[in-house]
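S.K.: curious how this folds, go ahead:
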Amino acid sequence: SAHFETLIGPLLGEAALTYRNDAEDCAEIVANGGAAAAIILAPVSVATIRDAGQAGVRMPEKTTFFWPKPRTGMVFRLLDSAS
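M.R.: Reported below is the predicted structural model:
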C-alpha cells in the first residue's frame, strides 16, 4: 500500500486502480484491453497473517482474500479455554 502510493500511484492515478484476486482474471482483462497493465503479487502466508494479528499490527488494505466470507453478525469464540 505504501509502496503503491509513493511509487506507482502518481503514475497511474487513483481512478486507474482496481483489485482482483485471480491472476488469470488479470491477464484476461489486460488481453481484452480492459486495463493497460496488471501488477500481480505473491500471496501473504498464513504465518505472516497470524504473526501480524498476534502483534496487533494492522495489515494494508487488500492484503488478504478469504473465501467464503463470514456471514454478517457471525460470532467468533476462542477455542483455547486458557486464553
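S.K.: alpha carbons only for contacts and neighbour counts from here, please
M.R.: Will do.
S.K.: output the lowest mean pLDDT helix or strand found in the chain.
M.R.: helix 2-3 (a mean of 62; mean pLDDT, DSSP states H and E).
S.K.: okay, now the unreliable bits of this protein?
M.R.: 1-5, 9, 12-16, 74-75, 82-83 (pLDDT under 70).
S.K.: so how far is stretch 17-24 from its chain's centroid?
M.R.: Here stretch 17-24 is found 9 Å from its chain centre; the criterion is Cα atoms, centre = their mean, to the nearest Å.
S.K.: what's in contact with it?
M.R.: Cys26, Ile40, Lys62, Phe65 (Cα atoms under 8 Å, 6 or more residues apart in numbering).
S.K.: PyMOL command to pick out the buried ones of those?
M.R.: Buried subset of the contacts of stretch 17-24, written as a PyMOL selection, criterion 16 or more other Cα atoms under 10 Å:
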select buried, resi 26
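S.K.: turn the contacts of stretch 17-24 into TSV, including secondary structure and distance to Leu79.
M.R.: Formatted as TSV, the contacts of stretch 17-24 follow (DSSP: H, G, I helix; E, B strand; the rest coil; distance: Cα to Cα, whole Å):
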residue	secondary structure	distance to Leu79
Cys26	helix	38
Ile40	coil	35
Lys62	coil	27
Phe65	coil	23
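S.K.: that concludes my questions; thank you for your assistance.
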